[in-house]
Structure formats: C-alpha cells, structure tokens
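Visitor: got a sequence here, can you model it:
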Amino acid sequence: MCATTPLKTTGRRGCRGSVTAETAVLLPVLLVVLAAAIGVLACVAAQLQCVDAARAAARVAARGDDASMVRSTGERLAPPGARVEVRSDGGIVEVVVRAQVRPFGEALRLLPAIDVAGRAVAATEAP
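Guide: A predicted model of the protein is given here:
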C-alpha cells in the first residue's frame, strides 16, 4: 500500500502498478457478483411469468372453458418448457405453472437448473 504523504522530488517508484494489481484482483470478484445478480433477476422474471400465466389460466378455467384452452393459455404466457397443471374441486379451480430456469442458457450447462412456480386459485362462475 502506498503512503499518503506528500511527494518528494524523488517520486514513489515502489507504488507503480498498484492500481493495476488491485484491479486485477478485484475484477473476477466483480464479474462473479454481476453473474449472480443476472441469475437472480432471470429467476425472478421467470417466477413472475409463471404467476401471470397461472392467473390467466385460472380466469379462463373459472369462465368454464375446456381444459385444452386453459392449458394453452398457461403455456402461451409461461416461460418456454413450462408445465401447466389444472385441478378442479367443486367450485374451485387451481392452476399451477412450473418451469425450470437456466439463467445463462446452454452456455453454463454445468450449473443446476432452478425450479420456479406460480399458483392461482379461482372460483368457477355460475353458467
């Protein structure tokens, strides 16, 4: 570490390159933190897509549309490769949308996929 005393006329040769060395040590840490932040944001975005897809599919099911329409609505709004599950019990419809997220796609295949899900419940409307 360089001293903060005023410079003498001879200069401080021992401090040359210290900023470069500190940056070289810090840069990989910053890249890991940035990658983690991007991964978290990708997971949150997929989670919100699952919730929105489940809500829309539950509204379609509550109107009394057939199961294929409910599933297609959920799959259209969900992240790619998501599964849509529809359960009906009496006057209640529950829709669960599940997806696996790979924040960095196939580039980092060795990282595990993260499971996200969204759930919505709606009362069926009277005909």
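Visitor: for the least confident helix or strand in the chain by mean pLDDT, packing partners?
Guide: The helix or strand of the chain with the poorest confidence is helix 18-62; it has a mean of 90 (mean pLDDT, DSSP states H and E). When contacts are defined as 3 or more Cβ pairs under 8 Å, 6 or more residues apart in numbering; DSSP states H and E, helix 18-62 sits against helix 67-77, strand 83-89, strand 92-101, strand 114-123. For glycine as for every other residue, the C-beta is placed from the backbone atoms N, C-alpha and C.
Visitor: now that helix against strand 92-101, angle please.
Guide: 150 degrees (axes from the mean of the first three to the mean of the last three Cα atoms, to 10 degrees).
Visitor: what's the angle between helix 18-62 and helix 67-77?
Guide: Going by the same axes, to 10 degrees, helix 18-62 makes 160 degrees with helix 67-77.
Visitor: relative to the whole chain's centre, how far out is helix 18-62?
Guide: Mean-position distance between helix 18-62 and its chain equals 5 Å (Cα atoms, centre = their mean, to the nearest Å).
Visitor: gap between the residue nearest the centre of the chain and Arg109?
Guide: Central residue of the chain (Cα atoms, centre = their mean): Cys43, 1.2 Å from the mean position. Look at Cys43 and Arg109: by Cβ to Cβ, to the nearest Å, they are 17 Å apart.
Visitor: same deal with Ala45?
Guide: Counting by Cβ to Cβ, the gap from Ala45 to Arg109 is 20 Å.
Visitor: higher neighbour count, these two?
Guide: For Ala45 versus Arg109, neighbours defined as other Cβ atoms under 10 Å are more numerous around Ala45 (14 against 10).
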